[in-house]
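Enquirer: For reference, the sequence and a predicted model appear below.
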Amino acid sequence: MRKRRLYWILQLAGWGLYFLSNFISQGFDPQGLGERVVRNQRIELTIHSLFFFLLSHYLIREIIIKRGWVQINISRVIPRILGVIILASVIGNLITFGLYFLFGTRTPSDPSLQTEIPLLFATSVVLFLLWSTVYFLYHYLESNNRSLKYEAAMNEMHLNQLKAQLNPHFIFNALNSMRALVDEEPTKAKIAITQLSNILRNSLITDKKRVVNFRNELNTVKDYLALESIRFEERLKVKYKIDPRSDHFDIPPMMIQTLVENAIKHGVSNLMEGGLIEIQSNVVDSMLTIKIRNSGQLSGVKKKAGGGRTGVGLINTRERLKLIYGDTATFNIYNENDKFVVTEVKIPQRI
């Protein structure tokens, strides 16, 4: 309904502007043609303005709709719409000059017809070209806007699905970490429950957000690593090298935590003596680089194209970065040397 109303507003406004501007200018009679000639010009203006209006709606628009031209490639539409415009101009001129003769503003023997007919034909072609351009431009812009909205909705739904995958995955790992503490060290188990409560509370707060502040995400990761330290005791060492400028960046929620979980699961937990988790951040040229260094090796682990291991966590992270930042964010995982694996994410500053 809104589209139909807008169409008629533009239709009436466009042709009305053409009619009024010519009607007013003819009233000035700059050539001194006289009142009778001006009256005849205004009658002719009314006749051809009305028929141009009707032809644009009942001929050009109807053909466009029935042929579905707004849905096909513009290069295929141009020659077709030009043909229709010429047809409409010919019909318009035949009818309008016939009415001129009927109303007595012209006679078939009028010598001015040799110039008036080509002039009105050229005018009608230009007007129909302008009308068609506006009509197609509106529909192409609307179609593009609809596509963008659909794509945004699909991306948002996909992001929500990805985040939904992370929460159960994390809760399982956290509960598994606390299980052994309940009977053996109830005090530490209580601390662990409190830390888990803090993490889950933060998760609920950020659940509907596309991105969260880096510092908030880091605080959640610290709670998670404190929880894991209870389970691993001396086998897990944690270091932080954080650039203060990182606080000016937003990142996908639970991204660092997911990468840290992956580092512990595939790295530290597989080593008898345990290992190190080091979280680094650095800002260069409005680009935030986050590195998760962990003890271990990629060798013997199935890899995906681009160097990443298979698994829900890493695939999830890569997809979320793609959905939010497009090609401006990067994700990579590689062996730094024979002792450490590095997971590296680069994120632009979103303004």
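Expert: Yes, it's here.
Enquirer: can we go C-alpha only for contacts and neighbour counts from here?
Expert: OK.
Enquirer: what about the strands in the stretch 251-351 of the chain?
Expert: For the stretch 251-351 of the chain, strands defined by DSSP state E, counting those that start in this stretch occupy the ranges 275-284, 287-295, 330-335, 340-348.
Enquirer: mind putting these in CSV, distance to Asp183 included?
Expert: Formatted as CSV, the strands of the stretch 251-351 of the chain follow (distance: least, CA to CA, whole Å):
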stretch, distance to Asp183
strand 275-284, 26
strand 287-295, 30
strand 330-335, 38
strand 340-348, 34
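Enquirer: Figure out which of those is closest to Gln114.
Expert: Gln114 sits nearest to strand 340-348 of all the strands of the stretch 251-351 of the chain, at 66.6 Å, using CA to CA.
Enquirer: Render the CA-only coordinates of that closest one in CSV, please.
Expert: In CSV, the C-alpha atoms belonging to strand 340-348 read as follows (Å, rounded to 0.1, in the frame of the first residue of the first chain):
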residue,chain,number,x,y,z
PHE,A,340,54.4,-23.3,20.8
VAL,A,341,51.3,-22.9,18.7
VAL,A,342,50.0,-19.4,17.9
THR,A,343,46.4,-18.5,17.1
GLU,A,344,46.3,-15.0,15.6
VAL,A,345,43.3,-12.8,15.0
LYS,A,346,43.4,-9.3,13.4
ILE,A,347,40.4,-7.1,13.8
PRO,A,348,39.8,-3.6,12.4
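Enquirer: Give the pairing partners of that strand; include direction for each.
Expert: strand 287-295 (antiparallel), strand 330-335 (antiparallel) (DSSP bridges).
Enquirer: Make CSV out of the ones you listed and add mean pLDDT.
Expert: Shown next, in CSV, are the strands paired with strand 340-348 (pLDDT from 0 to 100):
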stretch, mean pLDDT
strand 287-295, 94
strand 330-335, 93
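Enquirer: so which of these is the most packed in?
Expert: strand 287-295 (a mean of 23; mean count of other CA atoms under 10 Å).
Enquirer: what's in contact with that one?
Expert: 246, 249, 259-260, 263-264, 267-268, 274-283, 339-349 (CA atoms under 8 Å, 6 or more residues apart in numbering).
Enquirer: And stretch 36-49, by the same measure?
Expert: 15, 18-19, 22-23, 26-27, 29, 92-93, 96, 99-100, 105.
Enquirer: tell me the two of the residues you listed that are most distant?
Expert: Applying CA to CA across these, the maximum distance is between Asp29 and Gly92, 25.8 Å.
Enquirer: more neighbours, those two?
Expert: Gly92 (24 against 13; other CA atoms under 10 Å).
Enquirer: gap between the helix or strand where the more buried one lies and the chain center?
Expert: For Gly92, the enclosing helix or strand under DSSP states H and E is helix 74-103. Taking CA atoms, centre = their mean, to the nearest Å, one finds helix 74-103 lying 40 Å from the centre of the chain it belongs to.
Enquirer: Now that helix: average pLDDT?
Expert: For helix 74-103, the mean pLDDT works out to 89.
Enquirer: other SSEs contacting that helix?
Expert: Helices and strands touching helix 74-103, by 3 or more CA pairs under 8 Å, 6 or more residues apart in numbering; DSSP states H and E, are helix 35-55, helix 113-179.
Enquirer: in that helix, what counts as buried?
Expert: Judged by neighbour count using 16 or more other CA atoms under 10 Å, the buried positions of helix 74-103 are 77, 81, 84-86, 88-90, 92-93, 96-97, 99-100.
Enquirer: just to revisit the earlier point, among the contacts of strand 287-295, which ones are buried?
Expert: 246, 249, 259-260, 263-264, 267-268, 274-283, 340-349.
Enquirer: And the pLDDT at the residue nearest to Ile251 when sequence neighbours are not counted?
Expert: With sequence-adjacent residues excluded and distances taken as CA to CA, 6 or more residues apart in numbering, Ile251 is closest to Val211, at 5.0 Å. In this model, Val211 is scored at 84, pLDDT.
Enquirer: Val211 and Val342, how far apart?
Expert: 23 Å (CA to CA, to the nearest Å).
Enquirer: and what of Ile91?
Expert: Distance from Ile91 to Val342, by CA to CA: 74 Å.
Enquirer: for Lys241, what are its contacts?
Expert: Contacts of Lys241 by CA under 8 Å, 6+ apart are Glu278, Ile279, Gln280, Ser281.
Enquirer: Adding distance to Phe53 and pLDDT, write the residues you listed out as TSV.
Expert: Shown next, in TSV, are the contacts of Lys241 (distance: CA to CA, whole Å; pLDDT from 0 to 100):
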residue	distance to Phe53	pLDDT
Glu278	72	96
Ile279	69	96
Gln280	68	96
Ser281	65	96
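Enquirer: Before I go, just wanted to say thanks for your time.
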